[in-house]
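A.B. asks: Okay, sequence plus prediction incoming.
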Amino acid sequence: MTRFTKAKSVFEARLWNGSYFNYDSGTSYSSRSIQADQLAGQWYTASSGLPSLFDEGRIKCTLQKIFDYNVMRVKGGRMGAVNGMHPNGKVDETCMQSREIWTGVTYSLAATMLLHGMEHQAFTTAEGIYIAGWSEEGYGYWFQTPEAWTIDGHYRSLIYMRPLAIWAMQWALSPPSATLQAPKVNTMERAHVSPGAFQFIHDSVRKMRPKNSCFGSMPNWDC
C-alpha cells in the first residue's frame, strides 16, 4: 500500500494538468497529447471491483475530455476514439499508432465510461465503431474486424483479437457476483518474501535441473 500511495502521488503530480493526464512528463509537442486509453489501469481495477486508482472527479473529468476531443472531434463521433489528440483539437500525427482509431481501445474506453456512470458518452463512443465498421455508411470492415483504422479509411491488422473488448461493456453493465463482492481494501502491496526463502527456491531448482547439455532433449538452464 505504501508503494502504491507514493507512486500515485508522483504520477498525479507530474501528469495531471487539471482536466486529464498528460501523455508524459516531457516538454515535446506530444507530451500533452490526450491519450484515449490513459485510464486503462483504472478500467482493469474497476472491472475487478477494486478501489479506484484516482479520485472519481478526476476520472470523470478525464473521460469527458477524451469524449469531447478523441471521440467527438473525429467525424462527429462516427469513427470511434482516435488514440492521440492534441489540446488544440488536431489529431496527434507523431506516429502511426497515435493517429489511429483502435477498435479494442474504443470499446474498453466505453466500458470505463459505463463503470463510472457515463452511459451516454459510452454508447456514443462505441457507436462510432459500429458506424465505421458495420453500418452501410461505413467502410465494410465487419468481414474481418481490424485492429485499427485511420480517419481517411485505411485499416491495419485484420482479424484482430482486441475488438473482443466489446464484451467489457457487457461486463460493466452486468458485473458478475465475484466482482461485486471483491475486497474493498487496496492490495497493491505485494507480500514480502525473505532473501532466505528466495535462496531456498533457487537451491531447490538447481537440484532438480537435469544434467544434459544445452542441445539435449532437456535444457541446461545454466547455459
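C.D. replies: Looks like it arrived, so ask away.
A.B. asks: C-alpha from now on. contacts and neighbour counts both.
C.D. replies: Noted.
A.B. asks: Pick out the residue nearest the middle of this structure.
C.D. replies: Geometric centre of the chain, nearest residue: residue 40, 3.0 Å, by C-alpha atoms, centre = their mean.
A.B. asks: Return the backbone torsion pair for that residue.
C.D. replies: Dihedral pair for residue 40: phi -60, psi -40, per degrees, to the nearest 10.
A.B. asks: and if you look at residue 88?
C.D. replies: Torsion angles, degrees, to the nearest 10, at residue 88: phi -90, psi 0.
A.B. asks: and it, how many neighbours?
C.D. replies: For residue 88, the count of nearby residues is 8 (other C-alpha atoms under 10 Å).
A.B. asks: how far away is it from residue 142?
C.D. replies: For residue 88, the distance to residue 142 equals 32 Å [C-alpha to C-alpha, to the nearest Å].
A.B. asks: Could you do residue 50 as well?
C.D. replies: Using C-alpha to C-alpha, residue 50 is found at 34 Å from residue 142.
A.B. asks: In terms of packing, which of those two has more residues around it?
C.D. replies: Using other C-alpha under 10 Å as the criterion, residue 50 and residue 142 rank with residue 50 on top: 19 against 15.
A.B. asks: The more buried one should be in a strand, yeah?
C.D. replies: No. Secondary structure of residue 50 (DSSP: H, G, I helix; E, B strand; the rest coil): coil, not part of a strand.
A.B. asks: SS state for the closest residue to residue 108 other than its chain neighbours?
C.D. replies: Nearest residue to residue 108, sequence neighbours excluded (C-alpha to C-alpha, 6 or more residues apart in numbering): residue 165, at 5.8 Å. For residue 165, the secondary-structure state derived from three-state DSSP is helix.
A.B. asks: Residue 15: neighbour count?
C.D. replies: Quick note: residue 15 (other C-alpha under 10 Å) scores 17 neighbours.
A.B. asks: Quick check: it touching residue 26?
C.D. replies: No. The criterion here is C-alpha atoms under 8 Å, and residue 15 misses it with residue 26 at 9.6 Å.
A.B. asks: one step back: would you mind listing the residues in contact with the residue nearest to residue 108?
C.D. replies: Residue 165 makes contact with 104-105, 107-108, according to C-alpha atoms under 8 Å, 6 or more residues apart in numbering.
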